[in-house]
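# I need the structure of the sequence given here:
(chains A and B)
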Amino acid sequence: MRPPLSADLLKIDREKVTADITAFIRETVFNRFRRKGVVLGISGGVDSSVCTALCARALGPERVQGLFTPEGESGEETLPLSRLAAESQQVRGILEDITPILEAAGCYRRRDEAIRAVIPEYTSQWKCKIVLPSVIDDDRFRIFSVVAVAPDGRQVKKRLPPESYLGVVAASNFKQRTRKMIEYYHADRLNYAVVGTPNRLEYDQGFFVKGGDGLADIKPIAHLYKSQVYQLAEHLGVPEDIRRRPPTTDTYSLPQGQDEFYFSLPYDKMDLCLYALNNGYPAEESARALGLSPEQTERVYRDIEGKRKAARYLHTPPLLVDERLVVG
Amino acid sequence: MANEVEAKIRAFIGANLMMGQDATTLSVDDSFLDNGIIDSTGVLELTSFLEDSFGIQVADQEITPANLDSIANLMRFIASKQA
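The predicted structure follows:
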């Protein structure tokens, strides 16, 4: 008999989960990979802060190299919170401002050109983000629009044609890929492994850039729902300022919540919906716990399944004609 | 006229959403979603195709499975917009 769906089902034994993950990190980094420590990008969000704390416990803080990689469009709070996350675990951090690399690669210029195809008056002085409509309101396909704000505060919202959408995303992905390049530079220099910091929602739903934040040697919290990451954050002493920060993509120049860019619902409901789907709860049964109607719940289920399908490509490693050559 | 619209849709679907494969085997009622033919980028492509090829404006709230998720739905939608 299945227990009724509630947030209590996502409660974890914090001590045990911490012990299991730290044992995994130690065994994998030291024995399987034979690396002396780990590098990880610290964004000032709860996921990378929890990974920092877990790695410090597993390997000792002296074997953890944190990286702060802000760029010209990062939120003001990003760097101070990143430093706070590292300091709270006695982990050393290196500041690598990636703005010059992004400028040289044409990240901002290429993105702005793609936006100008739909908003001709758009300039580099404007701010922008891309957004999706809510999945729960109606049956509409969810397609991206660009929201741009002029220096005088005027806001323009336009649906993106495919070339512009792909152009904006491709250019923005320079950010995640540049960060990963810097992480592997330091990992190679120190003979360390690289830690990826996705939680279960992000990993399952493909909320990452292939070859960017999706690339890593270990992903120690990819099996944990976001609300479980928050439970660990409290247990591991992640500062409250970080735990209170709303989840953000920190990718576009306008503030952008993860639920307007990618997920259908705020993370706590998204967690519960993913859990319900994974554990066979029919939409009618889940709806009450989620505070949604059965139809809305069905839409979120369909959205999850659709993203899962799209994420298959992102998760697939390079495929070989002769699979016997795959080294595990 | 209807045949012409259907042929145009099939040519677009085959070339763009089925990666150059033959779309003639697709029944007019086959769901693009259920058959894995369309994803979010495909919806954008399809919407642009409708606007560019049939001279219609597609509002955000019209981008629904009821209008776009099969050849038959597309034909009905185009006819209603052109009426």
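
# quick one: low-confidence ranges for chain B?
For chain B, applying pLDDT under 70 flags the ranges B:1.

# can you map out the helices along chain B?
In chain B, the helices defined using DSSP state H lie at B:2-12, B:40-54, B:65-68, B:71-82.

# what do you get for the stretch 1-150 of chain A?
With DSSP state H, counting those that start in this stretch as the criterion, the stretch 1-150 of chain A has helices at A:14-26, A:46-59, A:78-87, A:99-105, A:107-116.

# okay, these in JSON lines with distance to chain B next?
C-betas here are computed from N, CA, C, even on glycine. Output for the helices of the stretch 1-150 of chain A, formatted as JSON lines (distance: least, Cβ to the nearest Cβ, whole Å):
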{"stretch": "helix A:14-26", "distance to chain B": "33"}
{"stretch": "helix A:46-59", "distance to chain B": "24"}
{"stretch": "helix A:78-87", "distance to chain B": "28"}
{"stretch": "helix A:99-105", "distance to chain B": "23"}
{"stretch": "helix A:107-116", "distance to chain B": "13"}
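
# what does chain B have sitting close to chain A?
Proximity of chain B to chain A (Cβ under 8 Å from any Cβ of the partner chain) is limited to residues B:33, B:36, B:39-41, B:43-45, B:47-48, B:60-61, B:63-66, B:68.

# up against chain B, what does chain A have?
Listed as neighbours of chain B in chain A under the rule Cβ under 8 Å from any Cβ: A:133, A:138-145, A:159-162, A:165-166, A:306, A:309-310.

# what does A:Val195 show for phi and psi?
Dihedral pair for A:Val195: phi -100, psi 130, per degrees, to the nearest 10.

# show me the contacts for it.
Residues in contact with A:Val195, defined by Cβ atoms under 8 Å, 6 or more residues apart in numbering or on different chains, are A:Val38, A:Val39, A:Leu40, A:Cys51, A:Cys55, A:Ala216, A:Asp217, A:Ile218, A:Lys219, A:Pro220.

# OK, contacts around A:Thr28?
A:Ala193, A:Asp217, A:Ile218 are the contacts of A:Thr28 under Cβ under 8 Å, 6+ apart.

# most neighbours among those residues, please name it.
The most neighbours of any of the contacts of A:Thr28, using other Cβ atoms under 10 Å in any protein chain shown, belong to A:Ala193, which has 25 neighbours.

# so what's the residue count around the residue in the stretch 1-150 of chain A positioned nearest to chain B?
Nearest to chain B in the stretch 1-150 of chain A, going by Cβ to the nearest Cβ, is A:Phe141, at a distance of 4.5 Å. By other Cβ under 10 Å, 23 other residues sit near A:Phe141.

# let me see the contact set for it.
Neighbour list for A:Phe141: B:Ser40, B:Val43, B:Ile63, B:Thr64, B:Pro65, B:Leu68 [criterion: Cβ under 8 Å, 6+ apart].

# pretty sure the fifth one is touching A:Asp139, no?
Yes. Using Cβ atoms under 8 Å, B:Pro65 is in contact with A:Asp139, at 6.3 Å.
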